[in-house]
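Undergrad: next input, structure requested:
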Amino acid sequence: VCKPSFDLALPNAICSDNAIISLPPEYKWLLKNQEINSINPINNPTGTLTLLASKETEGCTFDSTISVNIIEPITYTIKNIPTHICEGQNLELEVNRGDYTNLKIDFCSTVLDVNKRGNIAYQPSACDLVSNNISANITSYSDALCPSHASSITIPYFNAPEVNLPKLIFECEPFSMDMELEVKQGLNPAINYTIESDYNKQSGNGLSIKHHNLKHGKYALRINLKDKNGCHSKQYLPNFATIWATPSVDFSMANKQRLSLSEREINLYNYTTISSGNFTNKWYYKNSAIATLFSDQNNPSYKLPADTGIFNIMLVASSENNCSDTAKKNVLVVPDIIAFIPSAFTPNNKGPHGNEVFKITSDHAASFNIDIYNRWGQKVFYSNDIEVSWDGTFKGQFCQNGVYLYSINLVNQTGLEYTYQGTVNLIR
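TA: Sure thing, here's the model as predicted:
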């Protein structure tokens, strides 16, 4: 008699929450010496069940032992579900599950098949932002004979706060910045910003960026944002502002603010500086409403037009980036009067302003001397310097009111000698 073959297709493992399993009827089944025709997993403890399957052939009974493991249900627990996720963050979920439990997690743009222990990591995609939620359908499965378990989670997903970055700035120093940032996304974000160059750094907060007197250099803009949803972000604009160097203009006129009509050539000395780069010069004069360009040299000499009055001398220096600065000074051109001699003066400051001393004015004097006498012929003042004036005193004492005689010798720039004699009235 041939021994029958036992072709039994029973699973090696069955979850305890699985439905009742019917056993093949062509066999006789014994469990713990009791005849059965089905297995109800819930009625059996977890562990190994040993079944005896027997079959009678031509009066002979043959049997075979079969082992089946009863295992826990393939349930799972999702832990540490965040209250929300911000754009730019990854979702990480902690999962507690059994040895036989595998998970299939269906997100909006991808499906994760998780068959190993550990946490779940998911990088949100654009479709999550569109819905402002991360939704996941989670289903358990196993190689054992087990019913699956399903659940779903929904986590709010917020845009990271962001502002519209401003246009790049190209300006001359000193530059005053006054602009408003626009919020592109995010719930009422708090904003802190820094404007920085290699040697300058200024910080502020809010949507208004206001800073004064920015010096030349390249400035970067760093912005930190945090909105009411608790979302953080950073923005960086490396070449936010390029501030060009501006010349600092100054010049002198050889200390001459007064010229005569016959000697009206002016010598100009340029003291302009610039912190970076080169600059060009343009010299103008103006004695009416029109400014006339007369030189682009650094230290020019120029003969002003044959006209009297106040001439405004103006120097405009411009950098390679057309950043400019201007300085102005006045020069007075007077008629060719050899000497101006006042007829009276008031030392007690009761007269017109500037008439407190007896002063001779001349634009031609190469040498000069003056003697002043009182009515008794006594010399009360002498000077050979035209810039020295008489204050109406003699040996530290006030002179009396009255008429005083003066004698003046003056030699002009060409060597001609002039002599003036007359009287001046001292009034107290």
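Undergrad: what lines up beside whichever helix or strand Y236 is part of in the sheet?
TA: Take DSSP states H and E as the rule and Y236 turns out to sit in strand 232-244. Using DSSP bridges, strand 232-244 pairs in its sheet with strand 169-172 (parallel), strand 217-226 (antiparallel).
Undergrad: who touches it?
TA: Here strand 232-244 makes contact (CB atoms under 8 Å, 6 or more residues apart in numbering) with 86-88, 160-163, 165-166, 168-173, 175, 177, 186, 195, 214-226, 277, 319, 321, 323. From N, CA and C alone the C-beta is placed, and that goes for glycine too.
Undergrad: before we move on, back to that, so which of the strands paired with strand 232-244 is nearest K303?
TA: strand 169-172 (34.0 Å; CB to CB).
Undergrad: what separates the closest one from the chain centre, distance-wise?
TA: Here the centre of strand 169-172 is set off from its chain's centre by 13 Å, with CA atoms, centre = their mean, to the nearest Å.
Undergrad: buried residues in that strand?
TA: 169, 171-172 (16 or more other CB atoms under 10 Å).
Undergrad: what residue ranges in the stretch 301-428 of the chain are flagged as low confidence?
TA: 337, 349, 351 (pLDDT under 70).
Undergrad: and the residue nearest the centre of this structure?
TA: Centroid-nearest residue in the chain: I195, 2.7 Å away (criterion: CA atoms, centre = their mean).
Undergrad: surely it meets G217?
TA: No: between I195 and G217 there is no contact, the gap being 10.5 Å when judged by CB atoms under 8 Å.
Undergrad: mind listing residues that contact stretch 65-76?
TA: With contact meaning CB under 8 Å, 6+ apart, stretch 65-76 is reached by 8, 10-17, 39, 41, 44-53, 95-103, 138, 140-142, 144, 146-149.
Undergrad: pretty sure M177 sits in a helix.
TA: No: remark: M177 does not belong to a helix; assigned using DSSP: H, G, I helix; E, B strand; the rest coil, it is strand.
Undergrad: list the contacts of the closest residue to it other than its chain neighbours.
TA: Computed as CB to CB, 6 or more residues apart in numbering, the closest residue to M177 that is not its neighbour in sequence is H211, at 4.8 Å. Going by CB under 8 Å, 6+ apart, H211 touches 176-177, 195, 202, 204.
Undergrad: if we go to 10 Å?
TA: 175-179, 195, 200, 202-204, 219, 241 (CB atoms under 10 Å, 6 or more residues apart in numbering).
Undergrad: likewise S197?
TA: For S197, the contacting residues are 214-220, 240-243, by CB under 10 Å, 6+ apart.
Undergrad: wait, S148 touches K104, no?
TA: Yes: with contact taken as CB atoms under 10 Å, S148 and K104 are classed as touching, separated by 8.7 Å.
Undergrad: need the overlap of contacts for those two.
TA: Common neighbours of S148 and K104 (criterion: CB under 10 Å, 6+ apart): 139-141.
Undergrad: now a ChimeraX select for only the buried ones of the residues you listed.
TA: Those of those that count as buried under 16+ other CB under 10 Å are selected in ChimeraX with:
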select :140,141
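Undergrad: can I get the shared contacts of S148 and K104 in TSV including distance to I155?
TA: Shown next, in TSV, are these (distance: CB to CB, whole Å):
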residue	distance to I155
T139	18
S140	20
Y141	23
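Undergrad: secondary structure element for the residue nearest to M177, which one?
TA: Counting by DSSP H and E, H211 is found in strand 208-214.
Undergrad: note down every partner strand of that strand and its orientation.
TA: Applying DSSP bridges to the sheet, strand 208-214 is found paired with strand 175-180 (antiparallel).
Undergrad: buried ones in the partner strand?
TA: For strand 175-180, by 16+ other CB under 10 Å, it's 175, 177.
Undergrad: next helix or strand past that strand?
TA: strand 182-185.
Undergrad: in this protein, what helix or strand scores lowest on average pLDDT?
TA: Least confident helix or strand, the chain: strand 258-260 with a mean of 83, by mean pLDDT, DSSP states H and E.
Undergrad: and the helix or strand just after it, which strands flank it?
TA: Sequence-wise, the next helix or strand downstream of strand 258-260 (DSSP H and E) is strand 265-267. The strands beside strand 265-267 in its sheet (DSSP bridges) come out as strand 301-303 (antiparallel).
Undergrad: ok, residues contacting the partner strand?
TA: Contacts for strand 301-303 (CB under 10 Å, 6+ apart): 254, 259, 263-268, 283, 285, 294-295, 313.
Undergrad: for L405, state which of the residues you listed is nearest.
TA: The shortest approach to L405 among the contacts of strand 301-303 belongs to E263, at 31.1 Å (CB to CB).
Undergrad: what sits against the closest one?
TA: By CB under 10 Å, 6+ apart, E263 lies in contact with 256, 303, 333, 336, 363-364, 412-413.
Undergrad: over to A366?
TA: 410-416.
Undergrad: swap in T273?
TA: T273 neighbours (CB under 10 Å, 6+ apart): 245, 247-250, 279, 317.
Undergrad: state the pLDDT value of the nearest residue in space to L91 that is not next to it in sequence.
TA: Among residues not flanking L91 along the chain, Y122 sits closest, at 4.4 Å (CB to CB, 6+ apart). Note on Y122: pLDDT of 92.
Undergrad: count the neighbours of Y122 for me.
TA: The local packing of Y122 (other CB atoms under 10 Å) involves 18 other residues.
Undergrad: these two touch, right, it and L112?
TA: Yes: contact status for Y122 versus L112: in contact at 6.8 Å, counting by CB under 10 Å.
Undergrad: any residues in contact with both of the two?
TA: Common contacts of Y122 and L112 (CB under 10 Å, 6+ apart): 105, 136.
Undergrad: show residues contacting the strand or helix carrying T154.
TA: Assessed by DSSP H and E, T154 sits inside strand 150-158. By CB under 10 Å, 6+ apart, the surrounding residues in contact with strand 150-158 are 75-78, 81-87, 89, 91, 93, 104-106, 124, 128-140, 185-187, 227-231.
Undergrad: from the residues you listed, list the buried ones, please.
TA: Counted by 16+ other CB under 10 Å, these give 76, 78, 85-87, 89, 91, 93, 104-105, 124, 128-129, 133-134, 136, 138, 140, 185-186, 227, 229, 231 as buried.
Undergrad: roughly how far does the residue nearest to M177 sit from L410?
TA: 60 Å (CB to CB, to the nearest Å).
Undergrad: could you export stretch 70-79 as CSV, CA atoms only?
TA: In CSV, the C-alpha atoms belonging to stretch 70-79 read as follows (Å, rounded to 0.1, in the frame of the first residue of the first chain):
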residue,chain,number,x,y,z
ILE,A,70,-1.0,32.4,16.0
ILE,A,71,0.3,36.0,16.1
GLU,A,72,-0.9,39.3,17.3
PRO,A,73,-3.0,41.5,14.9
ILE,A,74,-1.0,43.7,12.6
THR,A,75,-2.1,46.9,14.3
TYR,A,76,0.1,50.0,14.6
THR,A,77,0.3,53.3,16.5
ILE,A,78,1.4,56.6,15.0
LYS,A,79,3.0,58.8,17.7
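Undergrad: alright, I will stop here.
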